[in-house]
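Asks: return a 3D structure for these sequence lines:
(chains A and B)
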Amino acid sequence: MKKKILVVEDDRVIAGAMRDYLKAYGYEAEAAYNGKDAMESWEHKDYDLMLVDVQLPLKNGFEICHEVRNDPRGATTPLVLMSAVYRDVERARDYAMRGLRANAYMEKPFGLSELLNQVESLIGAA
Amino acid sequence: MPLPVFITELGREEFRPRLRMSIWTGFLVALGFAMLALMGQLLGALPWTATPYVLVLVKLATVGLAWLALRHRQGLGPAMAMNVFASCAMMTAAVYITGGLLSPLFSIYLIEIAVIALLTNAGTTVVVTLLCGSMYAGMAIAVQTGVLPTTEPPIVHAGAVTTGYLVARLSVAAFVLGITTIFINNTVRLLRSKEEALENKTRQLMRASKQKTEFMANVTHELRTPIHGIMGLTELMSEQLYGPMNRKQIEACENIRRSATAQLQLIDELLLLSRSEAGKLTYKESPADLAKLLPGVVSSIRWMLAGKELTVETSIDPRLPTIRVDRGKLNHVLLNLLGNAAKFTPEGGHVEIRAFPVGEDRICIEVEDTGVGIPANDIENIFDEFHQVDGSDEREWGGVGLGLSIVTRLTRMMQGEVTVRSKVDSGTTFSITLPIDGLSGRVVARTRERSKPFPGVAPATERN
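Replies: Modelled structure (predicted):
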């Protein structure tokens, strides 16, 4: 079975590019464009990896991170925070360094091959 | 003969309200004088003569002239000079008719001098004081030598300290003190309100500057996001994940990516500058091995060459120790210097980056190019923001001129120094010296900077 990845990103162009790229490399990837939709998708499906942008409408990336971690199903789901805003990147780094809340952070803009490396290091190749 | 600056300065626009004030004071003093004279005569302290009223009329005439000159902005200098001269002469005459050296009116000179001091400048005040003094002295000498007949002071005229004399005398004192007080009070109030207005303005400006900085941070973020999209899609296409492409198309994708990277770099520079201006740059130190770091920087500027034929050489002194430094910041500085060298060196040129120890506790990194060079009279300006040597509209070189000012800021933040030597048409060498052990364990999380025009970020110890 294909590994399932949820891309949470409000910029539809970026979300689409990430989704298409991951699909091309054999993952099953979906995109959610705001915090609320992301949590709805999370309720209905088990994901192998979450890629979460920090600045999102309705619910931000840090909130999503907390909710996923508080859900018994999400205690160990790998989660990557992404941000282009300097102070959010700092906070995301903090989240990732304390290990449990986020597994990694990526400073935008990053290359898609960089993204693929990060994904493969967390959940292995598709 | 050219007039001294303190006189010509009075013709400036900002002196107009003050000159207007001096004219109203002139009217007021003249009328007060007439009333005092009348009162003195009624109370028997002054003889019944028309002289005081003639003096008042002359003064009113010169004040009126000055007022007209101010209104019509014509002949202001001569009119004002005549008015001041007339004032001094009238006062001296008043002192003379009330007893010369024995006159109780000597203090009226003080009104004139106080008014002049508050409304004009030091030079004019000295001139007027000298004028009053010499007229008084002239009058005294004239009386003493018999040129002018002696006059009797009011006390002699009244015969004794009568009630009438006392009232007249106290009125004069009240007039002199009153006028001066009202005047000083007005002037101080005027200054206070100006000071307040200035303080408000300063607060407003500071707020505006803060808002600008925040706006910059937001805007640069918004500018970065679309680039992320452009780069992502380009990458998807050039990996042919959206279907096969021919060579031309792949090349076009590569060029799109290069342009987007250049744009991103510029935005990052602006972001860095605005964060540095807001005092929000953080400093993180860790050990760095330059033998590993420099080749990495060199390889990451290859894209900037965009096919330009340049040789880039790296040489590292084997004695070079590991240093403690903020690697991100050092990286940024070197990228900027190398990028600059690559940009200003023509095809076939040579760029060299070398690192070597200097003395016991510092190292030096130099970036040398065989480029166009910097003219000697421009060298001191190159670290200014937005400065490029050729400021003309048809500049040969692109860019906004932020790079070197950022280099200075970051280097200072790392307790380092930037120097440059250059020769037109033969090349430029930028040298950066850095301490080996970083900030020596000093904890500097945030540095605030305000200094202009060379706004280096200098933690712990302020330079320049």
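Asks: mind giving me the packing neighbours of the longest helix along chain B?
Replies: If you go by DSSP state H, chain B has its longest helix at helix B:163-238. Applying 3 or more Cβ pairs under 8 Å, 6 or more residues apart in numbering or on different chains; DSSP states H and E, one finds that helix B:163-238 contacts helix A:12-24, helix A:112-123, helix B:16-42, helix B:108-119, helix B:154-158, helix B:247-277. Just so you know, the C-beta spots here come from the backbone N, C-alpha and C atoms, and that holds for glycine as well.
Asks: tell me the angle the third one makes with helix B:163-238.
Replies: So that's helix B:16-42. With axes from the mean of the first three to the mean of the last three Cα atoms, to 10 degrees applied, the angle from helix B:16-42 to helix B:163-238 works out at 170 degrees.
Asks: I'd like to know which elements the helix or strand that contains residue B:314 is packed against.
Replies: Assigned by DSSP states H and E, residue B:314 belongs to strand B:311-316. Under the contact definition 3+ Cβ pairs under 8 Å, 6+ apart, strand B:311-316 sits against helix B:290-300, strand B:350-358.
Asks: just checking: what are the partner strands of that strand?
Replies: strand B:350-358 (parallel) (DSSP bridges).
Asks: now the strand it pairs with and helix B:290-300, what's the angle there?
Replies: Using the same axes, to 10 degrees: strand B:350-358 against helix B:290-300 is 160 degrees.
Asks: next one: strand B:350-358 to chain centre, how far?
Replies: Centre-to-centre, strand B:350-358 and its host chain are 40 Å apart (Cα atoms, centre = their mean, to the nearest Å).
Asks: ok, residues contacting it?
Replies: B:290, B:294, B:297-298, B:310-317, B:319-321, B:334, B:338, B:341-342, B:345, B:363-370, B:433, B:436 (Cβ atoms under 8 Å, 6 or more residues apart in numbering or on different chains).
Asks: need the next SSE after the lowest-mean-pLDDT helix or strand in chain A, C-terminal direction.
Replies: Here the helix or strand of chain A ranked lowest by mean pLDDT, DSSP states H and E is helix A:86-97, holding a mean of 75. Sequence order places strand A:104-107 as the next helix or strand after helix A:86-97, per DSSP H and E.
Asks: show me what that next one is packed against.
Replies: Against strand A:104-107 (3+ Cβ pairs under 8 Å, 6+ apart) you get strand A:79-83, helix A:86-97, helix A:112-123.
Asks: in its sheet, what does that strand sit against?
Replies: When DSSP bridges is applied, strand A:104-107 pairs with strand A:79-83 (parallel).
Asks: which of the three states applies to the residue nearest the centre of chain A?
Replies: Ranked by distance to the mean C-alpha position of chain A (Cα atoms, centre = their mean), the top residue is residue A:51 at 1.0 Å. Assigned with DSSP: H, G, I helix; E, B strand; the rest coil, residue A:51 falls in the strand class.
Asks: how much space between the closest residue to residue B:156 other than its chain neighbours and residue B:151?
Replies: Closest residue in space to residue B:156, ignoring its immediate chain neighbours: residue B:99 at 7.3 Å, by Cβ to Cβ, 6 or more residues apart in numbering or on different chains. Applying Cβ to Cβ, to the nearest Å, the value for residue B:99 to residue B:151 is 6 Å.
Asks: higher neighbour count, the two?
Replies: A side-by-side neighbour count of residue B:99 and residue B:151, using other Cβ atoms under 10 Å in any protein chain shown, places residue B:99 first with 20 against 17.
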